[in-house]
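**Q** All I have is the shape, not the residue letters:
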C-alpha cells in the first residue's frame, strides 16, 4: 500500500489505483455508481472529484437520486481514508447526510472529501457535494469507519 509521505503525487496515484483495484473494481454496484467520476485534486487528507450526473442515477424528476448521493459519500469517503494512508478502507459505522438541494441529470457537480482524523481503529471524514458552476452546497455528509487491522 502506498503511504502518503510528503504529499507525493506518485504515492497518491498508486494508492488510488490500489483502492480501485481492491474495492470498486470488484463490486459491480460501486462501479455502476462511480463510472465517470474524475479525480481533480488529491493530497493527504483531501480529495476533490468532478462528476457529470448521468440520467441512470436520477429519479423520475431527473434529479440525482438521494441513494446516489449516499453511495458517493460512502465511496469517496472511503477513497480519501485509503489515500490518507490507512491500509484499509474499513467498514462504515455511521454515515450522515444533510440534503440541501438537488443536482439534475447531466449537471456537473464536485465532491470534496476531507479527513477529520484517522486513529488506530476508526477514521472520520466529511464529504461535501456542490454544484460545480456556482459552488452551492447540495449535500453535506460525514462518514465514520471502523478500520480493522489487516
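**A** That came through fine. Values in this document were obtained by computation on a predicted structure and should not be read as measured data.

**Q** biggest helix in the protein, by residue count?
**A** helix 66-83 (DSSP state H).

**Q** Pull up the per-residue confidence for residue 81.
**A** pLDDT, residue 81: 89.

**Q** what's the burial count for it?
**A** Residue 81: 26 surrounding residues under other C-beta atoms under 10 Å. All C-beta atoms are positioned from the backbone trio N, CA, C, and that covers glycine.

**Q** Kindly report the same for residue 95.
**A** 16.

**Q** what bridges to the closest residue to it other than its chain neighbours?
**A** With C-beta to C-beta, 6 or more residues apart in numbering as the criterion, residue 95 has its nearest non-adjacent residue at 5.1 Å, and that residue is residue 143. Judged by DSSP bridges, the bridge partners of residue 143 are residue 95, residue 125.

**Q** hang on, the earlier thing: which helices and strands does the longest helix of the chain pack with?
**A** Judged by 3 or more C-beta pairs under 8 Å, 6 or more residues apart in numbering; DSSP states H and E, helix 66-83 is in contact with helix 9-22, helix 28-34, strand 46-52, strand 91-99, strand 108-118, strand 122-131, strand 137-146.

**Q** Report the buried residues of it.
**A** If you call a residue buried by 16 or more other C-beta atoms under 10 Å, then helix 66-83 has these buried ones: 68-83.

**Q** Work out the gap between that helix and the centre of the chain.
**A** In terms of C-alpha atoms, centre = their mean, to the nearest Å, the centre of helix 66-83 is set 3 Å apart from its chain centre.

**Q** Stretch 110-129 too?
**A** Worked out by C-alpha atoms, centre = their mean, stretch 110-129 lies 9 Å from the chain centre.

**Q** can you offset everything so residue one is 280?
**A** Yep, numbering from 280; the last one is stretch 389-408 now.

**Q** and it, which residues are buried?
**A** In stretch 389-408, counting by 16+ other C-beta under 10 Å, buried: 389-394, 397, 402-408.

**Q** Output the below-cut-off pLDDT ranges for the protein.
**A** Residues of the chain meeting the criterion pLDDT under 70: 280-311, 429.

**Q** what's the burial count for the residue nearest to residue 374?
**A** Residues within reach of residue 422, counting by other C-beta under 10 Å, total 26.

**Q** what sits against it?
**A** By C-beta atoms under 8 Å, 6 or more residues apart in numbering, the residues touching residue 422 are 352, 353, 356, 357, 371, 373, 374, 403, 404, 405, 406.
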